[in-house]
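Colleague: My questions concern the predicted model and sequence given below.
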Amino acid sequence: MAWLLLVVSGVLEAVWATALGRSQGFTRLGPSVVFAVALALSMAGLALALRTLPVGTAYAVWVGIGAVGTAGYAMAFGGEPATVLKLLFLAGIVGCVIGLKLVH
């Protein structure tokens, strides 16, 4: 259950990071509210997962999911170019996150 909670929290990290960028410095209400709610839920989920999982592993997985999710969304919908090198490096992060899960 802790791993599922951690994955959902990592996805919410990508949501709040994307909303933060779209809030234009908290000048747009909708994205600012999405940012605040997703941030609170993401942190709460991480905190709950840390009851069971070691902090180093859990934090690295959480950040990895959030980073790949944010970058993937930006490439798919935000006009950020998806280059072969970017995709390769993001795949490396995914591989490392899977590796952390496997060695836990």
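Modeller: Perfect, I can see it now.
Colleague: how near is the residue with the shortest distance to the centre of the chain to Met43?
Modeller: In the chain, the residue lying closest to the centroid (CA atoms, centre = their mean) is Gly66, at 1.4 Å. Going from Gly66 to Met43 by CB to CB, to the nearest Å gives 12 Å. Placement of C-beta: from N, CA and C, glycine included.
Colleague: mind checking the SS state of Pro81?
Modeller: coil (DSSP: H, G, I helix; E, B strand; the rest coil).
Colleague: so what's Val97 closest to, chain neighbours aside?
Modeller: Spatial nearest neighbour of Val97, excluding adjacent residues (CB to CB, 6 or more residues apart in numbering): Gly64 at 4.1 Å.
Colleague: That neighbour is in what secondary structure piece?
Modeller: Gly64 belongs to helix 55-77 when assigned by DSSP states H and E.
Colleague: avg pLDDT for the next helix or strand along the chain from that helix?
Modeller: Using DSSP H and E, the next helix or strand after helix 55-77 towards the C-terminus is helix 84-103. Helix 84-103 shows a mean pLDDT of 95.
Colleague: Would you mind listing the buried residues in helix 84-103?
Modeller: For helix 84-103, a neighbour-count test (16 or more other CB atoms under 10 Å) marks 90, 93, 97, 100 as buried.
Colleague: residues touching the second one, list them.
Modeller: The contact partners of Ile93, by CB atoms under 8 Å, 6 or more residues apart in numbering, come to 64, 67-68.
Colleague: Quick check: pLDDT value at Gly78.
Modeller: 88.
Colleague: contacting residues around it?
Modeller: 18, 21.
Colleague: Give me the distance between it and Ala71.
Modeller: Gly78 is 9 Å from Ala71, by CB to CB.
Colleague: Pull up the overlap in contacts between these two.
Modeller: In contact with both Gly78 and Ala71: no residue, using CB under 8 Å, 6+ apart.
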